[in-house]
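**Q** What follows is a predicted protein model with its sequence.
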Amino acid sequence: MMIQIKDVTKRYGEQRAVDALSFNVARGEILGLIGPNGAGKTTTIRMLCGVVKPDAGQVRVAGLDPQSQGDEVRSQIGVLTETAELYSNLSGIENLRFFAELYGIDDPRRPHELMEEFGLADHKEKKAGAYSTGMKKRLGLAKALLANPPILLLDEPTSGLDPAGIAMVLDEIERLNSQKGVTVVLCSHVLHQLETVCQRYVIIDRGRTVAQGTLPELAEKCPGPTIVEVDADYILDGEAYRGIPARPLPVGDIQFTVSSRNEVPKLIRQLSQDADVYSVKLKGHDLESVYFRLLEGEKDE
Amino acid sequence: MNRRAVRAIARKDIMSITSNIQVWLPMLIVPLVFAVLFPIGASFAIRATDTSTSSDFQELLDVLEKLPQSSLDSLNGIFDSLITDQQRIAYMMFNYFMAPFFLMIPLMAASTISVDSFVGEKERGTLEGLLLSPVDMRSIFAAKALASLIPAIAISLTSFVLFAVCANVFAWPIFGRLFFPSIAWAPLILLVMPAIGLLAVLINVFISARVSTFQAGYQMSGFLVLPVIALMIGQFTGIMLLDAKVLLAIGAALIIVDYALLMAITKRLDKAQIFESQVR
């Protein structure tokens, strides 16, 4: 395991920011760490970096203890915090050169390569304080990648980016993972983006693990109706189709509600015989739907 | 100690001072007043005054005559070589009464920069990135201390040279020869000034890592001027003249205090503690 968190608790006064939290991240995995605001995601990231001391439990990163071997751990981690942590009075390239010195990077071309890679080459001499939000985020990501770390901890890596920037960041994460085996822990509120890159998820709320697993595993933990939205040349008569609840949507699609995803193939086969079917979308099994169902279930308990 | 990181952080901090006129210009104003305007003004005032009729100068001469024996002894017959009252007043003014101001200059310069060292990064939102790097706290602390000490020493030494030039040039008609600095200035400039600058830096950087705002840090560092004010009172009243022996003793004591403080501080440098108190 690249990252191990076992029964970790962190208190700030009376409040437990993290409460007996446990999860692991395998080497080469992309894990989505998700939860509402104040769930303990940032505190967890900071404990992995060894800059926040847990009150109980054990944290291991690449087999090292972030508390007693903090500098060694931090040399293996690339971190992108929610605010990019750049020196606004230094230019983009000066920021990267500075952090390259801190991370002991000897190759003077590395900062320039990263500026090119993240589309900042034309702005490298500009003061970082004059960068747009998206540019700062890209520079922060470049900073996180300076030392080619085997572990990346990314907190809201796509916030402030335009669609092209978002696609670039997600592609870069996938490339680093597939080509270099980088282990990634990704925190984000934009769940549909996480679905495109993460292999497994840990959902936390009020400092505790709510659920963890792949998306199908998480969906099994909170079974619910499956919504199927179909774009088809069919005019619905009434509120059902062959006994399956249905209703027309404003955009022209038809929404069906089946009790489980196993019924979907039969529904589509039947509908295809009655009309031309152009597209089928499954809802209720996406990350966002599963996330909300799991959190609701947690609250009910 | 990560020397590469120390150099990088110190260089960055010094650059942020030197590249911002709003920071370095106010730091130079007081030293310039002490080092240039005062010697010029004092020289002209002494040259232009009839010391036999001026009541202010008579008061100064009275102070000189009432110096304790220990202080008189320390002047080692210098007064015997000074013929006129103007020469005696000018000699005492420049070589003794001005000495404590050259302890104030490194204190003030060091305090402005060193208080900003950690809490300034916190206020600008860059402290988290620095603490998340793989650089140990001792190296970060050493870099911050160096970045404060180097400009403070540079300003102090430059002020001293300017003062020496202005004093000798503009008081030349009084003496007809070089009269400043006296031998007592050697331990002051080479030992006491750097040691007091280091003391200010160590204390202020430590405070900076623990306070929540620059204002709070600057307020807390204000107490450092009290011993210097005490020395100034001693100088002006003649109770204790800062001669070479006294300055050597003060310098040695400061070095011991600096060393003890450095050892105590380095034991208390905990990255997680500083992070939790400053960043959260």
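**A** Yep, that arrived.

**Q** quick one, what contacts residue 156?
**A** Just so you know, I chose chain A. With contacts defined as Cβ atoms under 8 Å, 6 or more residues apart in numbering or on different chains, residue A:156 is in contact with A:82, A:187, A:188, A:189. In this view, the C-beta of every residue, glycine as well, is placed from N, C-alpha and C.

**Q** was after chain B, sorry
**A** For residue B:156, the contacting residues are B:31, B:102, B:105, B:106, B:109, B:189, B:193, B:197, by Cβ under 8 Å, 6+ apart.

**Q** check which helix or strand covers the last one.
**A** In this structure, residue B:197 is located in helix B:193-208 according to DSSP states H and E.

**Q** With the third one instead?
**A** Residue B:105 is part of helix B:101-123, with elements assigned from DSSP H and E.

**Q** and stretch A:105-117, C-alpha only, in PDB?
**A** Written as PDB, here are the backbone C-alpha positions of stretch A:105-117 (Å, rounded to 0.1, in the frame of the first residue of the first chain):
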ATOM      1  CA  ILE A 105      15.900  19.700  -8.700                       C
ATOM      2  CA  ASP A 106      19.100  20.000 -10.700                       C
ATOM      3  CA  ASP A 107      17.700  20.100 -14.200                       C
ATOM      4  CA  PRO A 108      17.300  23.800 -15.100                       C
ATOM      5  CA  ARG A 109      15.000  22.900 -18.000                       C
ATOM      6  CA  ARG A 110      12.400  21.300 -15.700                       C
ATOM      7  CA  PRO A 111      10.600  24.600 -14.800                       C
ATOM      8  CA  HIS A 112      10.500  25.600 -18.500                       C
ATOM      9  CA  GLU A 113       9.200  22.200 -19.600                       C
ATOM     10  CA  LEU A 114       6.300  22.500 -17.100                       C
ATOM     11  CA  MET A 115       5.500  26.000 -18.100                       C
ATOM     12  CA  GLU A 116       5.200  24.800 -21.700                       C
ATOM     13  CA  GLU A 117       3.200  21.700 -20.700                       C
END
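
**Q** Just the buried positions in that stretch, please.
**A** Residues A:105, A:110, A:111, A:114, A:115 are the ones in stretch A:105-117 that count as buried (16 or more other Cβ atoms under 10 Å in any protein chain shown).

**Q** Next up, the contacts around the first one.
**A** For residue A:105, the residues meeting the contact criterion (Cβ under 8 Å, 6+ apart) are A:146, A:147.

**Q** Any regions of the chain where pLDDT drops low?
**A** Went with chain A since none was named. A:84, A:299-301 (pLDDT under 70).

**Q** meant chain B actually
**A** Residue ranges of chain B with pLDDT under 70: B:51-54, B:61, B:63-80, B:220-221, B:236-241, B:280.

**Q** Name the single longest helix found in it.
**A** Determined from DSSP state H, the single longest helix within chain B is helix B:137-170.

**Q** Can you name the element that comes right after that helix?
**A** Once the chain leaves helix B:137-170, the next helix or strand it forms, by DSSP H and E, is helix B:172-175.

**Q** What are the buried residues along the longest helix of chain B?
**A** By neighbour count on 16+ other Cβ under 10 Å, the buried set for helix B:137-170 is B:137, B:139-153, B:155-157, B:159-160, B:162-164, B:166-168, B:170.

**Q** Determine the number of other residues adjacent to residue A:252.
**A** Residue crowding around residue A:252 was assessed by other Cβ atoms under 10 Å in any protein chain shown; the count is 9.

**Q** ok so it is a strand residue?
**A** No. Residue A:252 is assigned coil when assessed by DSSP: H, G, I helix; E, B strand; the rest coil, not a strand.

**Q** Could you double-check that it sits in contact with residue A:230?
**A** No. Contact status for residue A:252 versus residue A:230: not in contact, 10.4 Å apart, counting by Cβ atoms under 8 Å.

**Q** Report the beta-bridge partners for residue A:185.
**A** According to DSSP bridges, the partner residues bridging residue A:185 are residue A:31, residue A:153.

**Q** measure it to chain B for me?
**A** Distance of residue A:185 to chain B, computed by Cβ to the nearest Cβ, to the nearest Å: 14 Å.
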